[in-house]
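**Student:** Fold the following.
(2 chains)
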Amino acid sequence: MTPRPSIRRRLFVQLGCVAALLSLAFILVVREVAERAAVGTQDGILGASAIAIADSLRSVDGKVTLDLPYSALSMLGSTNQDRVFYRIATTQGTLTGYDDLPLPAAPPHLDQPAFTTLVYRGEEVRAVSVVRPIGPASNTTDVIVTVAQTRHGLAKISRQITATATGVGIGFFLLATALSLLAARAALDPITRLTDTITRRGPNDLRPVTAETPDELAPLVLALNSFMARLRSSLSRTEDFIAEAAHRVRTPLATVRVQAEVTHRKLNKPHHRQAIREMISAIDESSRSAEQMLDHAMVTFRADSLARDELDLRALMLDTCARLSPTAALKEIALQRDLPDHPVPFRGDGILIQAALQNILDNAIKYSPEDSDITASLTVDEEIHMTITDEGPGFGNMDLRRLTRRFSRGENTSGVVGSGLGLTIADEVVRAHGGRLALSPNPNGAGACVSLILPL
Amino acid sequence: MRCLLIEDNEKLANAVVEHLQLDGHAVDHAPTLDQAQGFTAVTDYDLILLDIMLPDGDGRDFLNAQRQAEKPTPVIVITARSAVSDRIGLLDLGADDYLTKPFDFAELNARCRAVLRRHSGVAANLLRVFETELDPTSAELRFGGKSIALRNRELRLLEVMFGAPGQVFSKSHLMDRLYSLNEDASENAIEVYIGRLRKRLDGSGARIETVRGLGYRLMAA
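**Tutor:** Below is the predicted model of the structure:
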C-alpha cells in the first residue's frame, strides 16, 4: 500500500528544505565574505611592505642599491608563524632575497601592486610584486620587488569563521525546522477542528456546519453543507413516503373495518354475522401485513443511521407493557413484569427497540390462549436480556432459525392473523444494535420464550 | 361519557360516532381543527379522540395548544401513521394514549376506559388491606416490594373482596360480579379463580378463606 499523501508532512518537508537552502547559502556567503576580508587584509599588508621596500631602493652610480627596511618585513611576521619570502630582481638577475621565488608572469604596471597566489616550497603563498624604475631619467632600470607570505594564519581565521558560520547555520536550520513543524500544525488546525466538529455529531445530525473556517476551507464546507442538505431532504422524503403510504393504506381499511363492526352489531341472523366476522378478519390480516411491512421499511431505514440515545430499558419495557395492557386485558391476559428495581441504561434507538418489543409482545398476546399470563422480564449479566414468555402453543418442532426470516410463519399459527414479519423486525432491530434474538420453549411448561439480547 | 371526535374522514367518523352512541355515549364530531376549537370552547369533554392528519393542520398542534392551555381533558390520538416513526413524539406532546388505524372497537373501548380510569384519580382508587395493596388503575397487586399483574376477572373479584375484608361472599354473588347475563359460566369457574388468586396472594398479609357452605372471605394470613 502506498502511504497516503499528508499535507502536514509535505508542508513540513517543504518548509524544512527552504530552511536548509537558506542555511547553506548563509554559511557559504559568510565564509566567502570572511575569506575575502582576510585576503584583503593580507594583500594590504603585503602591498604596503612591497612598496616600503621599493621606496628604499636607490641608484648609486648607475647601480641599484638597497637598504632593506626591516620594519617592512616585521609588519608581516609579527602576528603569526607565517613565513615571509622576498626577492628584489632586475631584468639582469636577482639583487637579493630568494632567487627561486617566481616572478610574476607579466611584468606588473608601474606602481600597481600585482597579487597572485602560488605554491612555493610546497606551501601555498600569497605574493605581491611591485615595479619601480630606478636610476637617472635617461637610463632607468626596472626593479621588481616581490614579497610573499605563507597563508597559515589566513587558513586558521578562515576555518574559525567557517566553523562559526556553520554552527550558526545549523542552529538556524534546526530552529526553522521546529518552527515549520509548529507552522504546519497551526496551518492545518482548522482542518482538524472541522473534522472534530463533524465526527462528534450523531448519525442523524445533518445540520449545516457553522464552525469558523478560513477562506481556503470555505468551498469544502460549502460542498459539505450542500451534500448534507441533499442527504437530509432525501432521508426525509423516504420517511415522508413511508408515513404517507401508511396513511393511504390504513385510512380506508379503518373505515371499512369500523363500518363492518357497526353492521355486525346491527345484524341478527347468525350466518350474516359470521360473514361479517370473516370480512373483519380478512381486513385485519391485510392491515396487519401492511402495518408490519411499513414498520419493517421504517426499521430498515432507521437501522441504517442508528441513533445512539441514552435509554433506560426498564422504563421502556414498563412503557410498552402499559401500552399493551388494555389489549391483553381484552383476552383476560395479565402482563407480569419481572424487572430490576433500578434503571438499565443502554445506548440505542428507543423507537426501534420499542418497536421490536411491541412486535414480540403483540405476537405473545395473539398466540396466547384466553385467560393466561405473559411475563416480561429484564435481566442483566454479561448481556442484557429482555425476555417475553407466554403460555401459548409455543414453537413446536419447527426450525427456530427459519422463524426470523421474512414472511415465514410457525406451524401453530392457524386461526391467528399475522404476516410473519414480527420476529424479522425484532431480529433486525437487535442486530442493528449488535445483539441477537433468541427463541426457545418456555422453560416452565407450554409456551414460547423470546429474548432480545443486547450487548452491555 | 361526553366525547369529542376530531376526524376528517366522514365515513370513518360516522361509524365511530354510531358505535359510541350505541354504547350510550354522547359524541360530537369535528371534521376540522377549526370546528374542534369551537366545540372545546363551549363544552367540557370527558375525552377527546384526535386524528393527526387533518385538512386544516396537524392534530399535534391542537394537542400542544390544549396542553399549553392546561386543559386536563384526556386525549387519545388516532393515527394512520406508522407507530415506529410517531410514537415518541405523541406521548411527549401529552397524548394519553394512541391507537393506530385500523382499530377494533373493543380496543377503542378498552383504551378509553383505561385512560378515563387513570384520569379519575389514582390514589383514591387504591385499596389497602392486611399490608396488601390493590391498584385497580394498573390492575396490580403489591406486597413485600413486588407487584403482580392481575387478569381482568381476577381484579374484579379481588376488588369485591378488598372492598369488604372479612365479609363472606357467596359464589353466586361473585358470579354476578364477574360475568354478564349473557355469558354462561359454571360455579366451578369461581373455584378456579379463587384457587389462582390464592396463589397470587401467596406471601402477602392476606388470604382467601373458604367458609363451608357459604362462600369466601378475605382474612389476614
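**Student:** what comes up buried for stretch A:301-313?
**Tutor:** Buried positions in stretch A:301-313, judged by neighbour count with 16 or more other C-beta atoms under 10 Å in any protein chain shown: A:Phe301, A:Arg302, A:Leu306, A:Ala307, A:Leu311, A:Leu313. Every residue, glycine included, has its C-beta placed from N, CA and C.
**Student:** err, stretch A:326-345, not the other one
**Tutor:** A:326-331, A:333-337, A:339, A:344.
**Student:** Export the residues you listed to TSV and append columns for distance to A:Ala155 and secondary structure.
**Tutor:** Formatted as TSV, the buried residues of stretch A:326-345 follow (distance: C-beta to C-beta, whole Å; DSSP: H, G, I helix; E, B strand; the rest coil):
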residue	distance to A:Ala155	secondary structure
A:Pro326	107	helix
A:Thr327	105	helix
A:Ala328	106	helix
A:Ala329	110	helix
A:Leu330	111	coil
A:Lys331	111	coil
A:Ile333	108	strand
A:Ala334	108	strand
A:Leu335	103	strand
A:Gln336	103	strand
A:Arg337	99	strand
A:Leu339	94	coil
A:Val344	86	coil
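**Student:** and the host helix or strand of B:Leu20, what other elements does it pack with?
**Tutor:** Using DSSP states H and E, B:Leu20 sits in helix B:10-22. Packing partners of helix B:10-22 (3 or more C-beta pairs under 8 Å, 6 or more residues apart in numbering or on different chains; DSSP states H and E): helix A:218-266, strand B:2-6, strand B:26-30, helix B:105-119.
**Student:** Which secondary structure state does A:Val33 sit in?
**Tutor:** Look at A:Val33: counting by DSSP: H, G, I helix; E, B strand; the rest coil, its state is helix.
**Student:** close to chain A, is stretch B:155-168?
**Tutor:** No. Stretch B:155-168 stays out of contact with chain A when judged by C-beta under 8 Å from any C-beta of the partner chain, the minimum separation being 8.7 Å.
**Student:** pLDDT of that stretch, averaged?
**Tutor:** Mean pLDDT, stretch B:155-168: 85.
**Student:** Can you list the neighbours in contact with it?
**Tutor:** Residues from elsewhere that reach stretch B:155-168, judged by C-beta atoms under 8 Å, 6 or more residues apart in numbering or on different chains: B:127, B:129-130, B:134, B:136, B:139, B:141, B:150, B:169, B:174, B:177-178, B:193-194, B:197, B:206, B:208, B:211, B:214-219.
**Student:** Could I get the buried residues of stretch A:326-345 in JSON lines, plus columns for pLDDT and distance to chain B?
**Tutor:** JSON lines is the format used below for the buried residues of stretch A:326-345 (pLDDT from 0 to 100; distance: C-beta to the nearest C-beta, whole Å):
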{"residue": "A:Pro326", "pLDDT": "83", "distance to chain B": "4"}
{"residue": "A:Thr327", "pLDDT": "85", "distance to chain B": "6"}
{"residue": "A:Ala328", "pLDDT": "88", "distance to chain B": "9"}
{"residue": "A:Ala329", "pLDDT": "85", "distance to chain B": "5"}
{"residue": "A:Leu330", "pLDDT": "84", "distance to chain B": "5"}
{"residue": "A:Lys331", "pLDDT": "86", "distance to chain B": "9"}
{"residue": "A:Ile333", "pLDDT": "90", "distance to chain B": "7"}
{"residue": "A:Ala334", "pLDDT": "88", "distance to chain B": "4"}
{"residue": "A:Leu335", "pLDDT": "89", "distance to chain B": "5"}
{"residue": "A:Gln336", "pLDDT": "88", "distance to chain B": "5"}
{"residue": "A:Arg337", "pLDDT": "88", "distance to chain B": "7"}
{"residue": "A:Leu339", "pLDDT": "88", "distance to chain B": "10"}
{"residue": "A:Val344", "pLDDT": "90", "distance to chain B": "17"}
